[in-house]
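J.: have a look; sequence and predicted model below, questions after that.
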Amino acid sequence: MTSPQPRVGVLQFPGACDDRDALWALAALDAEAVFIWHTETELPDLDAVVLPGGFSYGDYLRCGAIARFSPAMAAVTEFAGRGGLVLGICNGFQILCEAGLLPGVLRRNESLSFVCRDVPLRIERADTPFTTRCEEGQLLSIPVKHGEGAWYADDELYRELEVRRQIVLRYREPVNGSRNDVAGVVNEQGNVMGLMPHPEHAVDPLLGSADGALILSSLVESARARAIALV
Amino acid sequence: MRATVLVRPKQGILDPQGQAVESSLRQLGFSVGEARVGRVVDLEVESTDPATARAEVEQMCERLLANPLIESYEIELVEAPA
């Protein structure tokens, strides 16, 4: 029996610039990847959704603050509420935080400078649908490119997240002033994750690193398992 | 009515923009203490009743204009001249 190709939707906002990279990377990792335009009010039949990086609606006010009210985001919120897998990368992470689907908020980098380089990361949890191909404590190298990537939560929220093990990825060195070097978090239910590094830019050794493929192929595998369960 | 919303980084929240402004002002020879940078949103609200207008602007702040995790806001209402 051949395993079905999971269908992954990639949201496109005006200003997105990593949507094609995400689509290409997911297809290279054996998913059927399809674009979803931001004005869509309903999602097609999907096994997972990716909110790619770039910019959205000029990122006026705060990054992701406007995009979270887009029609497609209402559909994504509903999809996530049903337990659907959602991965937000960079601007996608900012949108998920603004939408309240993920805890915390992304702020201006402490240095006020844009950071664009490969960063060393540590996998804090390998038991999420986004890290099944990784091992706890595994070190990865994946690029970041952002001006507003300093993740913040106040003391109380941060403690709660630690207790519930919602921190999935950490930087191994200071990158942007992110609280406790947090690079990626998951929601309490474990089906929504956001991260600032760009796994879609690191899926082939030719790109300098293939470590991002571990995260995206974990997502594709988890989406496939769900697709099979539904058949 | 007209409303002015002042959005500020919350007390205790690091404000790197404010720090950059502060050091620039010092370089210009001004003796300043802490500087913090927020934003101003001027609005025209249809409602003519101050209480209704305020409640509405509060909703706007909570939902869009400020992120309560890191920002505080203040609302000033001004009645439009007749």
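T.: Okay, I see it. Numbers count the residues shown, from 1 in each chain, chains lettered A, B, ... in the order given.
J.: helices along chain A, start to end?
T.: In chain A, the segments counted as helices under DSSP state H are A:19-28, A:71-81, A:91-98, A:155-163, A:212-230.
J.: now do chain B
T.: Applying DSSP H to chain B gives helices spanning B:16-27, B:50-60.
J.: report the mean confidence score over the first one.
T.: The reference is to helix B:16-27. Per-residue pLDDT over helix B:16-27 has a mean of 95.
J.: okay, the helices of chain A, which one's buried deepest?
T.: Among those, ranked by average contacts under mean count of other C-beta atoms under 10 Å in any protein chain shown, first place goes to helix A:91-98 (a mean of 29). Quick note: C-beta positions are derived from backbone N, CA and C, even for glycine.
J.: so which bits of chain B are right by chain A?
T.: Counting by C-beta under 8 Å from any C-beta of the partner chain, chain B comes close to chain A at B:Ile13, B:Leu14, B:Pro16, B:Gln17, B:Ala20, B:Leu64, B:Leu65, B:Asn67, B:Leu69, B:Ile70.
J.: the nearest residue to A:Asp211 once chain neighbours are set aside pairs with what?
T.: Distance criterion C-beta to C-beta, 6 or more residues apart in numbering or on different chains; nearest residue to A:Asp211, sequence neighbours excluded, is A:Leu140 at 3.9 Å. Assessed by DSSP bridges, A:Leu140 has beta-bridge partners A:Leu121.
J.: check contacts around A:Leu140.
T.: Neighbouring residues of A:Leu140 by C-beta atoms under 8 Å, 6 or more residues apart in numbering or on different chains: A:Pro120, A:Leu121, A:Arg122, A:Ile123, A:Cys134, A:Ser209, A:Asp211, A:Gly212, A:Leu214, A:Ile215.
J.: what do you get if the cut-off is 10 Å, keeping everything else the same?
T.: With contact taken as C-beta atoms under 10 Å, 6 or more residues apart in numbering or on different chains, A:Leu140 is in contact with A:118-123, A:134, A:169, A:172, A:183, A:197, A:199, A:202, A:209-212, A:214-215.
J.: same deal with B:Ala35?
T.: Going by C-beta under 10 Å, 6+ apart, the list of residues near B:Ala35 reads B:Asp15, B:Gln17, B:Gly18, B:Gln19, B:Ala20, B:Val21, B:Glu22, B:Ser23, B:Ser24, B:Leu25, B:Arg26.
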